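A.B. asks: Return atomic coordinates for the entry below.
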Amino acid sequence: MELLSEHSIPLHGRIDAPPSKSVTHRALLLAAMSEGRSVIRNPLLSGDTLSTLEAARLMGAAVEKGSALMVNPSLHQSEDVINANNSGTTARLFSSVCALLPGHAVITGDSSLRRRPMQPIIDAVKQLGGKAFSTAGNGRLPAVFGGRMNRSNARLRGDISSQFASSLAISCPMKDNDTEIRLTGGIQSLQYLKLTMEMVGMFGCRTVLEDSKLYSTGGGAYRGRTVNVPGDYSSAAFPLAAAAVTGGRITVGRLSNEFTQADSVITSILSTLGCSIRIAGDSVTVGSGGLDAADIDCSESPDLFPVTCILASAAKGKSRIKGSANLRHKETDRVETTCSMLQCLGVDFSASGETVVINGGRIRGGAVESHGDHRIAMAACVAGLASQKGCTVSDGESCSVSYPSFVSDLRSLGGKVKLK
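C.D. replies: Next comes the predicted model:
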């Protein structure tokens, strides 16, 4: 299904941000591991989070859907293959949790997810005494994880994805003994790991990070609780960017700061590019009368890299957008697919490593191949709103992975957008 967007008048209005995907994933898993019922209010029900919900059910959680999710846990080894589909978060968070339990579980995913690395968590689980291996021996899915982890020390590469460290931050408090994980190579996307540790604490256990070492106090038990899922800055970045590139003014609500969200930095990025920003309570308003070039570092907020490149493409002058190495291990190689998107849109740019230099001020438009990557699809759609010829994006339905109401929200703000 193609996603079409055309040059639009300045977008105006107010919408509420969709619920946070990152918080919903973690709340579902922690609720499934807890003693007692949990209530998850305002959850995101999207392609990725539904994969986590189904995995939780396979491991014993009874989940009742309504205005909120009611999770009644009964944790055991998965009854069937856990298919994470396209959700790297599901596959990676559940991996070491399966290694807490007797028996073995198989985790797999779609063709895109089966290309993404799993070796760091396989190695760490084995060092902690659990069982783990890739069925093809290539460090990727499908992979088998089983219990029981009972050792105290491991080393884990932290420079590929914070999701591996987040998995251990969740599972290790339920081991019988304390755990120390030494993170090597730096810590990629630190804010996501901080979010995980915050939520581990909310559910009654303890994992802390000190000097590149992750410490978990063993013998813990998670306790069911109520979680109010906030709006998602990662998704809100797209309508906020749409206001910026069309010269409009948009307010996005439900963006509380109760939880750490790496992509809340979008407000600073927009301000640096010349937008006016007003934050009042849980609402963010962005206004723009034109964008100016700037140098932006997205290495700690890699999900913002594609849309930040679109913002720079609409800005006057030369911008440098810095990404991170783990962009190459997302749903796609997001450096490569972002550059391909810019080329298809007629943007003047050059790339070296993970840095893209953009001579902005003009977006011609054109046909973009999203490769099924939701963030590429949404970024290209935003570009189309400010382009000369409009934009056609393949696999436009991929937006539902993280932002099911993306098209309807942009249309409500005046954007010429449709799925066809």
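
A.B. asks: Going by C-alpha atoms from here, please, whenever you check contacts or count neighbours.
C.D. replies: OK.

A.B. asks: In three-state terms, label the closest residue to Val81 other than its chain neighbours for me.
C.D. replies: Distances taken as Cα to Cα, 6 or more residues apart in numbering place Val106 nearest to Val81, at 5.1 Å, with adjacent residues excluded. Following DSSP: H, G, I helix; E, B strand; the rest coil, Val106 is assigned to strand.

A.B. asks: Val106: neighbour count?
C.D. replies: Using other Cα atoms under 10 Å, Val106 has 22 neighbouring residues.

A.B. asks: Quick check: bridge partners of it?
C.D. replies: Using DSSP bridges, the bridge partners assigned to Val106 are Val144.

A.B. asks: average pLDDT across stretch 69-86?
C.D. replies: On average, the pLDDT along stretch 69-86 is 96.

A.B. asks: all helices for the stretch 301-420 of the chain, in order.
C.D. replies: 305-314, 334-344, 374-385, 406-412 (DSSP state H, counting those that start in this stretch).

A.B. asks: Pick the most deeply packed of these.
C.D. replies: Sort these by mean neighbour count, taking mean count of other Cα atoms under 10 Å, and helix 374-385 sits at the top with a mean of 29.

A.B. asks: need the helices of the stretch 301-420 of the chain in CSV with mean pLDDT and distance to Met59, can you?
C.D. replies: Putting these into CSV (pLDDT from 0 to 100; distance: least, Cα to Cα, whole Å) gives the following:
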stretch, mean pLDDT, distance to Met59
helix 305-314, 98, 35
helix 334-344, 96, 32
helix 374-385, 97, 28
helix 406-412, 97, 32
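
A.B. asks: tell me the domain ranges of this protein?
C.D. replies: The chain breaks down into these domains under automatic domain parsing: 3-19+230-419, 21-228.

A.B. asks: Start and end of the longest one, how far apart?
C.D. replies: From the first residue to the last, domain 21-228 extends over 13 Å; the measure is Cα to Cα, to the nearest Å.

A.B. asks: again, but for stretch 245-262
C.D. replies: Using Cα to Cα, one end of stretch 245-262 lies 22 Å from the other.

A.B. asks: now it: how far from the chain's centre is it?
C.D. replies: Offset of stretch 245-262 from its chain centre (Cα atoms, centre = their mean, to the nearest Å): 16 Å.

A.B. asks: Include distance to Pro10 when you put the helices of the stretch 301-420 of the chain into a markdown table, please.
C.D. replies: Shown next, in a markdown table, are those (distance: least, Cα to Cα, whole Å):
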| stretch | distance to Pro10 |
| --- | --- |
| helix 305-314 | 14 |
| helix 334-344 | 22 |
| helix 374-385 | 9 |
| helix 406-412 | 11 |
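
A.B. asks: can you tell which of the ones you listed is closest to Val368?
C.D. replies: Closest approach to Val368 among the helices of the stretch 301-420 of the chain (Cα to Cα): helix 334-344, 5.7 Å.

A.B. asks: now the closest one and helix 305-314, what's the angle there?
C.D. replies: Here helix 334-344 points in a direction 30 degrees away from that of helix 305-314 (axes from the mean of the first three to the mean of the last three Cα atoms, to 10 degrees).

A.B. asks: helices and strands around helix 334-344, which ones?
C.D. replies: The criterion is 3 or more Cα pairs under 8 Å, 6 or more residues apart in numbering; DSSP states H and E, and the helices and strands that helix 334-344 contacts are helix 305-314, strand 348-352, strand 366-368, helix 374-385.

A.B. asks: Check which helices and strands the first one sits against.
C.D. replies: Spelled out, that is helix 305-314. Where contact means 3+ Cα pairs under 8 Å, 6+ apart, helix 305-314 is packed against helix 233-246, strand 317-322, helix 334-344, strand 355-360, helix 374-385.

A.B. asks: Could you dump the ones you listed into TSV with distance to Ser256 added?
C.D. replies: TSV is the format used below for the helices and strands packed on helix 305-314 (distance: least, Cα to Cα, whole Å):
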stretch	distance to Ser256
helix 233-246	9
strand 317-322	27
helix 334-344	28
strand 355-360	31
helix 374-385	22
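
A.B. asks: Any idea which of the ones you listed gets closest to Val125?
C.D. replies: helix 334-344 (28.1 Å).

A.B. asks: who's in contact with the residue nearest to Val81?
C.D. replies: Asp80, Val81, Ile82, Pro142, Ala143, Val144, Phe145 (Cα atoms under 8 Å, 6 or more residues apart in numbering).

A.B. asks: Which single one of these is nearest to Ala55?
C.D. replies: For the contacts of Val106, the residue nearest Ala55 by Cα to Cα is Ile82; the value is 5.8 Å.

A.B. asks: Near Ala84, how many other residues are there?
C.D. replies: Residue neighbour count, defined by other Cα under 10 Å, stands at 27 for Ala84.

A.B. asks: ok, now how distant is the nearest residue to it once chain neighbours are set aside from Gly47?
C.D. replies: In space, and not counting its chain neighbours, Ala84 is closest to Gly109: 4.8 Å by Cα to Cα, 6+ apart. For Gly109, the distance to Gly47 equals 13 Å [Cα to Cα].

A.B. asks: ok, back up a step: out of the helices and strands packed on helix 305-314, nearest to Ile187?
C.D. replies: Of all the helices and strands packed on helix 305-314, strand 317-322 comes closest under Cα to Cα, at 16.8 Å.

A.B. asks: Does the closest one pack against any helices or strands, and if so which?
C.D. replies: Judged by 3+ Cα pairs under 8 Å, 6+ apart, the packing partners of strand 317-322 are strand 295-297, helix 305-314, strand 355-360.
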